[in-house]
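Participant: need a 3D model of the sequence below.
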Amino acid sequence: MEYQVRYCTHCATALQWVTAMEDSGPVQRLRCPACGWTHWNNPTPVLAAIVEYQGKVLLAHNALWQDRFFGIITGFMEAGESPEQGVAREVKEETNLDVQSTELVGVWDFQRKNQVLIAYHVLATGEVRLSPELTEYQLIEPAQVRCWTSSGTGLALQKWLRSRGFEPEVFERKPLRIKEEGQTS
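Facilitator: Predicted structure coming up:
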């Protein structure tokens, strides 16, 4: 894994790999040799919403995706908010919908990006207006939703559908292709 943090956030000294003895045994950490600050590299919490709107599942297309994939609503948790508050905020920001209830679906690790996905099913009301992050959306009957296998979001959607008595069709998702800066399609 490539690390983005290379310098101490306190004194700007270049960090060095140090073997630290912790409760679980020796662990490699990036540490400042000047002031001792440690970069813990803890996973980032990401929130995901399986949005149920008018009895259907709302899937959206992210403006950065090159392919025609539609996924569930996701976003980073902010400091000072609970996961439930954060998922409601993300749904409001990205779709303009108001979350009426939240139900935890599960938690998945996404080690490739050093993230932890916290997925919720939300019931939402209002009028859909997409943020610039999203280009379009689809409303799909739960029995017709197709799920992907390549990430926690697909696994969360599969788990939720099964909890509602639906056996989803599952397809293998190729890794996302992201549009380059300035590219329009």
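Participant: any idea how far Gly75 is from Cys147?
Facilitator: 20 Å (Cβ to Cβ, to the nearest Å). C-beta coordinates here come from the backbone N, C-alpha and C atoms, glycine included.
Participant: for Ala88, that is, sorry about that
Facilitator: Distance of Ala88 to Gly75, given as Cβ to Cβ: 11 Å.
Participant: which one of the two is surrounded by more residues?
Facilitator: Ala88 (23 against 17; other Cβ atoms under 10 Å).
Participant: what's the single longest strand in this structure?
Facilitator: Assignment by DSSP state E gives strand 98-110 as the longest strand of the chain.
Participant: that strand pairs with which strands?
Facilitator: With DSSP bridges as the test, strand 98-110 is paired with strand 115-125 (antiparallel).
Participant: direction included, what does the helix or strand just after the partner strand pair up with?
Facilitator: Next in sequence after strand 115-125, counting helices and strands by DSSP states H and E, comes strand 134-140. Here strand 134-140 is paired, per DSSP bridges, with strand 56-62 (antiparallel).
Participant: okay, now Gly154: neighbour count?
Facilitator: Gly154: 21 neighbours (other Cβ under 10 Å).
Participant: okay, the angle between the strand or helix carrying it and strand 56-62?
Facilitator: Element membership of Gly154 [criterion: DSSP H and E] is helix 152-163. Inter-element angle recorded for helix 152-163 and strand 56-62: 170 degrees (by axes from the mean of the first three to the mean of the last three Cα atoms, to 10 degrees).
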